[in-house]
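J.: Sequence and predicted structure below; questions after.
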Amino acid sequence: MEPGFYDRPTLEVAHDLVGCTLTHGPTAGVIVETEAYHMDEPACHAFVGLTERTAPLFGPPGRAYVYRSYGIHALFNAVTEAEGIGAAVLIRALLPIEGIEVMRQRRGRERLEDLCSGPGKLAQALAIDVDLTGSDLLRGPVVVGPRPPGWEAPEVVTGERIGITKAVELPWRFSVVGNRHVSRPWPRAQGR
DNA sequence: CATGGGATTGACT
DNA sequence: GTCAATCCCATGC
């Protein structure tokens, strides 16, 4: 992506990341689901302020923030907004496009829809772990790139975020309309 | 220093 | 639908 892509309001970045690619080594996928998180809102880790854990969120935009969830899974975020503002976009699901056999081995699953249809799943499929936190998403090793050639801009729906207990009402989840690779189905389609 | 709660997943009833 | 796994870290005593 161009420098400056992430130095924008997090909701815009979360919307625009849908349809982009996420690549790590031989594996890659098209982002089909994202969620926005911002320090002003209590579901965001940065809500507690600057700590050792949340420091990457407050760092420069365009870096990775990868943390461990439930002691088991790694969850991948792209840090957004200017340095000093704690915000990021959680990548929740991908459509696998490269390295699918590698993903199958790493995941221990065969079906395409079981490889990257959730934030913990895609991190495992792409071998993204917490040691990659702070890495540069323009230089790699984890790279976010533009839409693949020939792919049209997807129609994006918004709705409430998943799996949180605070600020549940904010419609900060974004995904491709009618895509079966999303982490969980949509109750009903909502506005754009 | 002890505690409890997760931005989840997979197995099971 | 329910539930356990598993560990980091923010919080409170």
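T.: Cool, the structure landed.

J.: okay, CA-based contacts and neighbour counts for the rest of this
T.: Noted.

J.: DNA strand B contacts on chain A?
T.: For chain A, the residues in contact with DNA strand B (CA under 7 Å from any atom of the strand) are A:37, A:43-46, A:69-73, A:75-77, A:88-90, A:107, A:114, A:117-122, A:162-165, A:183.

J.: Could you tell me which of the residues you listed belong to strands?
T.: With strands identified by DSSP state E, the entries of these that belong to them are A:37, A:69, A:73, A:75-77, A:88-90.

J.: about what we covered before: and the residues of chain A next to DNA strand B near DNA strand C, which?
T.: The subset of the residues of chain A next to DNA strand B lying close to DNA strand C, counting by CA under 7 Å from any atom of the strand, consists of A:69-72.

J.: Can you show me the strands along chain A?
T.: Using DSSP E, the strands of chain A run over residues A:21-24, A:27-38, A:64-69, A:73-79, A:87-98, A:142-145, A:156-159, A:173-176.

J.: which residues pair with the closest residue to A:L11 other than its chain neighbours across the strands?
T.: Nearest in space to A:L11, with sequence neighbours left out and distances taken as CA to CA, 6 or more residues apart in numbering, is A:A36 at 6.0 Å. Judged by DSSP bridges, the bridge partners of A:A36 are A:V89.
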